[in-house]
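In: okay, predicted coordinates and the sequence, questions at the end:
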Amino acid sequence: MAAQVFINLVVKDLERSMQLYTKMGFTNNPQFSDDTAKCMVWSEHIYLMIMTAEKFKGFATKPIADTKNTLAASYSLSLESVAKMNEVADNAISAGAGEPSEMKDYGFMQQRTIEDFDGHTWELFYMDMSKFPVPQG
């Protein structure tokens, strides 16, 4: 089996969150979904498990963070173009996500930040390595 990444997030409204992530471009894998958790697929190697607090508590070894008020982590997704980055961000916003800051342009990388309904922070970015600054020295 190839190496894969599974991100597990607590959400208050499972169906509404599934709709938001679907608009962002994730697809649902019903084989690993039920009324307590949804497996959302970004790619063949990246999966997002959104789940109720009750379900998440079964895996947790610490209290669950209040991500509406405290940043516990940020998640980054690279996209193949600035246009695709904007499409994913705009689709998320049209589904109800927030955009807490303006797009950042670092020359070689453009980045937009969105937050889902529960405050989970996603950094969407496009990076053009041909524009990456070459170290002097």
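Out: Here it is on my side, so go on. Numbers count the residues shown, from 1 in each chain.

In: CA only for contacts and neighbour counts going forward, please
Out: Fine.

In: just confirm Q110 is within a strand.
Out: Yes: assignment of Q110 by DSSP: H, G, I helix; E, B strand; the rest coil places it within a strand.

In: that one contacts M129, correct?
Out: No: contact criterion C-alpha atoms under 8 Å: Q110 and M129 do not qualify, at 11.7 Å.

In: counting neighbours, go ahead and name the busier of the two.
Out: Q110 (18 against 9; other C-alpha atoms under 10 Å).

In: ok, what's across the strand from that one?
Out: For Q110, the beta-bridge partners are D105, Y126 (DSSP bridges).

In: need the pLDDT of it.
Out: Reading off the confidence values, Q110 has pLDDT 98.

In: which ones are touching it?
Out: By C-alpha atoms under 8 Å, 6 or more residues apart in numbering, the contact set of Q110 is V82, M103, K104, F125, Y126, M127.

In: M40: which of those residues is nearest?
Out: Ranked by distance to M40 (C-alpha to C-alpha), those are led by F125 at 19.6 Å.

In: counting neighbours, what do you get for the residue found closest to the closest one once you drop the neighbours it is linked to in the chain?
Out: Nearest residue to F125, sequence neighbours excluded (C-alpha to C-alpha, 6 or more residues apart in numbering): Q111, at 4.2 Å. By other C-alpha under 10 Å, the residues close to Q111 number 22.

In: Q111 against S101, yeah?
Out: No: applying C-alpha under 8 Å, one finds Q111 not in contact with S101, separated by 10.1 Å.
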